[in-house]
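In: Sequence first, then the predicted structure:
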Amino acid sequence: MRHDHHRLTGLGFAIIGTILFGAKGIVLKLALDESSTVEQMMLLRMGFSLPAFLAVGFFSFRKRLASTKLRTVLLAAGLGIMSYHLCTWLDFQGLRYTSAQLERLILFTYPTIVAVLAAIFLKETLTIRHMMALALSYAGVFLLFGREFSQQGDHIIFGSLLVFSAAILFAIYVTAAKPVINALGSALFTSIAMTAAGATIMAHSSVVVISGDMPDFTWLIIAYGVLLATFCTVLPSFMLSEAIARLGSGPTSAIGNVGPVATSMLAVFVLGESFGLPHLGALILTSVGIGLLTTGKPAATTGQAALNAEKG
């Protein structure tokens with residue numbers, strides 16, 4: 001009975017954490033409607049979430065002080081800047097031009113990119129399972145892309161390319177981060193990565209402020225920043241870490257399939273986005289495709305690295 005409760009709690013953490021991560025695009029869309037900017041929301045998100053990760057990283061660093069190498073720390077910092085700054089900026093910019101549903105589906109395909117990168121650089125074999133996953137996943141994305149393109153025009157292409165660029169960078173990050181996470185531990189790795197990204201985001205924001213393009217920090221925009229940092233970054237990070245500890249990386253990754261569905265529901269009810277047969281078909285195709293990867297043995301390690309990596 002105790003074991004069942006342990007796993008049931010892990011299941012709850014995995015589902016809620018996945019939904020909260022998926023709500024990131026919804027909160028950003030709401031903030032943009034209030035005349036906020038991508039740079040402003042990135043600054044608020046980092047400013048409110050960084051203290052929590054620094055506190056965890058501080059205690060982790062004390063435990064690993066003797067075995068921590070400068071080269072590993074620099075690698076973690078570089079990967080953090082690539083993912084938490086550049087990748088996030090591309091994703092958030094893409095959300096200005098696409099629906100939250102299309103953005104989530106495009107990002108959701110990053111495990112397929114990881115599989116391709118592993119085949120190219122790590123000489124891993126692309127199996128029939130991988131090829132089916134690729135075909136189904138991108139059939140779903142193109143189905144929804146075609147629907148939005150027919151309704152909204154060329155700017156959907158630009159937005160989708162920005163989000164897909166973010167997915168490629170995130171896939172590179174997941175592939176490269178695994179040995180660094182193993183060396184440092186996920187808590188310390190995340191703290192170093194977040195701190196480095198925080199420094200570059202603040203520098204980026206300072207340039208925007210000097211240029212006069214940063215809007216006023218109204219109470220509503222600040223509230224969205226707190227929401228983005230607390231409920232869409234910090235809480236789901238720890239929830240997914242706990243889910244991995246209770247369920248394992250494979251099952252937790254598989255549960256991640258609820259993400260696009262939850263994002264679609266939130267987009268419809270909160271943002272008023274449309275939902276029809278193309279959206280349903282896209283969700284089914286992409287979810288089945290990614291499910292083929294996350295339920296297979298090769299996806300287990302990738303899933304754990306990805307979930308640890310997505311903490312920003």
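Out: Good, I have the coordinates.
In: where are the low-confidence patches of the stretch 201-312 of the chain?
Out: Residues of the stretch 201-312 of the chain meeting the criterion pLDDT under 70: 248-254, 294-312.
In: Tell me where it has strands.
Out: Assigned by DSSP state E, counting those that start in this stretch, the stretch 201-312 of the chain shows no strands.
In: Spell out the residue ranges of the helices in it.
Out: In the stretch 201-312 of the chain, the helices defined using DSSP state H, counting those that start in this stretch lie at 219-229, 235-247, 249-255, 258-266, 277-294, 298-309.
In: just the stretch 1-150 of the chain next, same as before
Out: Using DSSP H, counting those that start in this stretch, helices in the stretch 1-150 of the chain cover 2-22, 24-33, 38-64, 70-80, 88-95, 100-108, 110-121, 128-152.
In: hang on, the earlier thing: can you add mean neighbour count and give the helices of the stretch 201-312 of the chain back as JSON lines?
Out: Backbone N, C-alpha and C define where each C-beta goes, glycine included. What follows is the helices of the stretch 201-312 of the chain, written out as JSON lines (neighbours: other CB atoms under 10 Å):
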{"stretch": "helix 219-229", "mean neighbour count": "18"}
{"stretch": "helix 235-247", "mean neighbour count": "21"}
{"stretch": "helix 249-255", "mean neighbour count": "23"}
{"stretch": "helix 258-266", "mean neighbour count": "21"}
{"stretch": "helix 277-294", "mean neighbour count": "20"}
{"stretch": "helix 298-309", "mean neighbour count": "22"}
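In: Tell me which of these sits nearest to E148.
Out: helix 277-294 (8.9 Å; CB to CB).
In: got the angle between that closest one and helix 110-121?
Out: Here the directions of helix 277-294 and helix 110-121 differ by 50 degrees (axes from the mean of the first three to the mean of the last three CA atoms, to 10 degrees).
In: What lies in contact with helix 277-294?
Out: For helix 277-294, contacts defined as CB atoms under 8 Å, 6 or more residues apart in numbering pick out 101, 105, 108-109, 111-112, 115, 129-130, 132-141, 143-144, 146-147, 250, 253-254, 256-257, 260-261, 264, 299, 302-303.
In: chain center to that helix: distance?
Out: 18 Å (CA atoms, centre = their mean, to the nearest Å).
In: Send over it as PDB, restricted to the C-alpha atoms.
Out: The C-alpha coordinates for helix 277-294 follow below in PDB (Å, rounded to 0.1, in the frame of the first residue of the first chain):
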ATOM      1  CA  LEU A 277     -10.300  18.500 -36.300                       C
ATOM      2  CA  PRO A 278      -6.800  19.700 -37.500                       C
ATOM      3  CA  HIS A 279      -5.800  20.400 -33.900                       C
ATOM      4  CA  LEU A 280      -7.100  17.100 -32.700                       C
ATOM      5  CA  GLY A 281      -5.400  15.200 -35.600                       C
ATOM      6  CA  ALA A 282      -2.100  17.100 -34.900                       C
ATOM      7  CA  LEU A 283      -2.300  16.200 -31.200                       C
ATOM      8  CA  ILE A 284      -2.900  12.600 -31.900                       C
ATOM      9  CA  LEU A 285      -0.200  12.100 -34.500                       C
ATOM     10  CA  THR A 286       2.500  14.000 -32.600                       C
ATOM     11  CA  SER A 287       1.700  12.400 -29.300                       C
ATOM     12  CA  VAL A 288       1.700   8.900 -30.800                       C
ATOM     13  CA  GLY A 289       5.000   9.700 -32.500                       C
ATOM     14  CA  ILE A 290       6.700  10.900 -29.400                       C
ATOM     15  CA  GLY A 291       5.200   8.100 -27.400                       C
ATOM     16  CA  LEU A 292       7.000   5.600 -29.600                       C
ATOM     17  CA  LEU A 293      10.300   7.200 -28.500                       C
ATOM     18  CA  THR A 294       9.500   7.800 -24.800                       C
END
